[in-house]
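Enquirer: Below are the sequence and a predicted model; questions follow.
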Amino acid sequence: MQAQISASVDTATIYKRARLVMNDNNPEKLAHNLTENYTDDASKVLSMAYWITRNIKYQYSGLGARTIDLKSPAKVLKTKKALSTEYAQLFMAMCKAVDIKAETVDGYIKDFDFFPGDTLFKAEHTWNIVKIDNDWYIVDLTYAGSTFNTEVSKLSKLMYTLFRVPQSNEMKPVKKYSPQWICMSPTTAVRTHLPVLSMFQLLKNPVTIEQFQQRDTAIMRHLKRYPQKQKDFSAIDYFVELPQIEKYKILASEVLQQNPFAHLNAAFYNFYVVELFVKYHYLDENGHLFATQEDLRNTLLYAQKADTLFQIAIKDDVRRLKLSQTRSNNWKQDLLSYNKLHQAQNQALSKRYAKSQQNIQKLTTQIPTLIAWLDKNTHKFNSETIKNQPRPVTQRNDELYIGMDLLEKADSLHELSEETMQKYEDLLGNSLKVEPRVALENQQTAKALNERNTRILRNYIKNKNSNMPMVYITDKSITKEVFTKNMRKIDSLYTIGVEEIANTLESNFSALNTLLKEYTSLAGQYANTLLIAKSKVVYDSNEDARYIAAVEEYTHNVSRIQSELKQIQNSLPEFAEIVKSEEKLFSENSALLKEDNMLETVRNKRYIDYRKKYRQIDVEYIKYYIKQNKDYTKLIQKVII
């Protein structure tokens, strides 16, 4: 309710009094009972609007429901159920009973499967405008008295429990008083309600159907530029005073000017002109119409227009069905395509993980074997050996030359051993670009993301099973962007996690093993050559110091390598456990994506079947009026001279 109206009335008192007024199925008497304590129109309007929303239930039967005969205001009070048109007509009748001017307004609202840029083929909702203190206000009692909740039928729940058939939800109206829909401001109303006649927007510069069919931002831009409310209501005042048949004539002539695709509304307005004409001029005693030839011919034109427009409306229904089918099929195709990409990502990583698991098993055997071999060769040399080696007492020339050659050979062997160790270090460095501890942390992070991905899919599938959507309001369910982003992160972390340790190390392990054994052999040859050289040369060539340094260097290198290998060995069980758990997650993700594909096929079929059913009901509904219109046409043609 607009602030100026709300501030001018005592809402608490009005609500309290209205709750005490009993229904006697007479709109005029009820209106007087509800308004007798008030002198101002605002309080009267609020009292009647509140009572209606509190006591009349919205008779929603789904989008496919079609009612041939609308209930009278008296019958609405008796049944306590109403469609939007019946709400509006009851409110208008009660306003008329207490001399408050009001009018019913047909218009467009955006349905659950409307998307920006869609074409609105017909206006299917009705609300009111009401005059208070020489100003007009917008009232929608359907919205003011009800809200919609999704509900799963008992049969659907049973089928899901017994056979895991995906549950489908239905829109169910729930009584809930929402006063914001009473005496709305024009700038608020036009965001959700677009009348078939622009003047009923109550805006100086009305919003066009094209703007209404776009995103809300298009309407907001227009309202920002043209926020002014209409001040000259002479056209509305004139319209309200017209006989109903003249109102229909205006609607019939103008509805297509605002929306060129509203053929069904135009057909009905032309038909209603004919129907009221027959009602006013039909004489039961002779079964003929009694009217001037000019009026008969003019009315015949309305009947002919109605027939043409009804036929076009049937084609519109075909077009709308095709649009719905195309959109839903595109959703399905997009979802299946995205799921195919997700499945490919999932399977590719799963294969790499499986390879890692195999390599971890290999390393679990290979590393301990190498460590054991290094254990045996760690103390292959010791410093005492060179110290215990005596030199010759006298120097023989031939042995001197042999000793000198051996010392040169020792230098070469030492260089080769250092080069071999460097090759090992380089290859190990390329195999282990991160420490096992860091790699393990990376893989634990990857596992957490993998678990999150699986939870996302589980919840998504659970919700889809228990509350099957008909349409996708956003493309998040289709694209699953979060899943894709997480998979990219998992891939990146895995590359510097398990893959770095298991796959790269295992592929290079044989070369590393060979280099270590070659290094051990060269180190042994170097030490042994120094030992022999000392036995050949009398003078000291620093053999002892070089030998002792070689032993220390070798022992240090072997101990360091053992430590590195043991660190890797100790991390392998944790890597194996993580990889195994993640492989299970990949497997579950794959199954969930397959289930999503199955559910999407179900959703697509249900939505298209729903739309086909809606079209069939709509066509039957239109055909009924085509027949009625033809009967009226024959009746008119009988008396045209």
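Expert: That came through fine.
Enquirer: what helix or strand is Ile138 on?
Expert: With elements delineated by DSSP states H and E, Ile138 resides in strand 135-139, which encompasses its position.
Enquirer: elements contacting the helix or strand just after that strand?
Expert: Read in the C-terminal direction, the helix or strand following strand 135-139 is helix 141-145, with elements assigned using DSSP H and E. On a contact count with 3 or more Cβ pairs under 8 Å, 6 or more residues apart in numbering; DSSP states H and E, helix 141-145 meets helix 41-55, strand 57-58, helix 84-97, strand 125-132. Any C-beta I mention is one placed from the backbone N, CA and C, and that applies to glycine too.
Enquirer: Let's see that with 6 Å instead.
Expert: Taking 3 or more Cβ pairs under 6 Å, 6 or more residues apart in numbering; DSSP states H and E as contact, the helices and strands that helix 141-145 lies on are helix 41-55, helix 84-97.
Enquirer: Specify the stretch among those that is closest to Lys229.
Expert: Ranking those by proximity to Lys229 (Cβ to Cβ) places helix 41-55 first, at 16.9 Å.
Enquirer: pLDDT (mean, whole number) over that closest one?
Expert: Per-residue confidence for helix 41-55 averages out to 96 on the pLDDT scale.
Enquirer: One more: stretch 405-413?
Expert: Across stretch 405-413, the per-residue pLDDT values average to 94.
Enquirer: Please apply the same query to stretch 628-641.
Expert: Rounded to a whole number, the mean pLDDT of stretch 628-641 is 93.
Enquirer: now swap in stretch 275-282 and tell me
Expert: According to the model, stretch 275-282 has a mean pLDDT of 94.
Enquirer: next one: stretch 550-566
Expert: Confidence over stretch 550-566 (mean pLDDT, whole number) is 93.
Enquirer: Over to stretch 244-261?
Expert: The predicted model assigns stretch 244-261 a mean pLDDT of 96.
Enquirer: What about Ala344, how many residues nearby?
Expert: Ala344 has 10 neighbours, counted by other Cβ atoms under 10 Å.
Enquirer: Could you verify that it is part of a helix?
Expert: Yes. Secondary structure assignment (DSSP: H, G, I helix; E, B strand; the rest coil) places Ala344 inside a helix.
Enquirer: By mean pLDDT, flag the weakest helix or strand of this structure.
Expert: helix 154-163 (a mean of 43; mean pLDDT, DSSP states H and E).
Enquirer: for the stretch 351-500 of the chain, what spans make up the helices?
Expert: Secondary structure of the stretch 351-500 of the chain by DSSP state H, counting those that start in this stretch: the helices cover 383-387, 397-431, 436-466, 476-479, 481-495, 498.
Enquirer: thinking again about what came up before, would you mind pulling the contact partners of the strand holding Ile138?
Expert: Outside of strand 135-139, the residues within contact range by Cβ atoms under 6 Å, 6 or more residues apart in numbering are Asn128, Ile129, Val130, Ile182, Cys183, Met184, Ala189, Leu202, Phe233.
Enquirer: Just the closest of those to Phe261, please.
Expert: Out of the contacts of strand 135-139, the member with the shortest distance to Phe261 (by Cβ to Cβ) is Ala189, at 22.1 Å.
Enquirer: Neighbours of that closest one, how many?
Expert: Around Ala189 there are 25 other residues, counting by other Cβ under 10 Å.
Enquirer: Compute the distance between the closest residue to it other than its chain neighbours and Gly107, please.
Expert: Leaving aside its chain neighbours, Ala189 sits nearest to Ile138 (4.4 Å; criterion: Cβ to Cβ, 6 or more residues apart in numbering). Shown here: Ile138 relative to Gly107, a distance of 10 Å by Cβ to Cβ, to the nearest Å.
Enquirer: try Leu515
Expert: Leu515 sits 83 Å away from Gly107 when distances are taken as Cβ to Cβ.
Enquirer: What separation is there between Glu254 and Val190?
Expert: Plainly put, Glu254 is 18 Å away from Val190 if you go by Cβ to Cβ.
Enquirer: just Asp398 next, same as before
Expert: Applying Cβ to Cβ, one obtains 115 Å for the distance of Asp398 from Val190.
Enquirer: More neighbours: which of those two?
Expert: Taking other Cβ under 10 Å, Asp398 and Val190 do not tie; Val190 has more neighbours (23 against 8).
Enquirer: okay but that one is in contact with Leu202, surely?
Expert: No. Val190 is beyond contact range of Leu202, at 8.7 Å (criterion: Cβ atoms under 6 Å).
Enquirer: Show me what counts as buried in stretch 548-565.
Expert: When burial is assessed from 16 or more other Cβ atoms under 10 Å, stretch 548-565 yields the following buried residues: Ile548, Ala550, Val551, Glu553, Tyr554, Thr555, Asn557, Val558, Ile561, Gln562, Leu565.
Enquirer: Most tightly packed of the helices of the stretch 351-500 of the chain?
Expert: helix 498 (a mean of 29; mean count of other Cβ atoms under 10 Å).
Enquirer: where's Asp118, which helix or strand?
Expert: In this structure, Asp118 sits in neither a helix nor a strand according to DSSP H and E.
Enquirer: ok, so what distance separates the closest residue to it other than its chain neighbours from Glu86?
Expert: The spatial neighbour of Asp118 that comes closest, neighbours along the chain excluded (Cβ to Cβ, 6+ apart), is Gln213 at 6.3 Å. Here the distance between Gln213 and Glu86 works out to 27 Å (Cβ to Cβ).
Enquirer: what about those two, which has more around it?
Expert: Glu86 (24 against 21).
Enquirer: what about the longest helix in this structure?
Expert: The helix spanning the most residues in the chain, taking DSSP state H as the definition, is helix 543-639.
Enquirer: how far does that one sit from the chain's center?
Expert: Taking Cα atoms, centre = their mean, to the nearest Å, one finds helix 543-639 lying 14 Å from the centre of the chain it belongs to.
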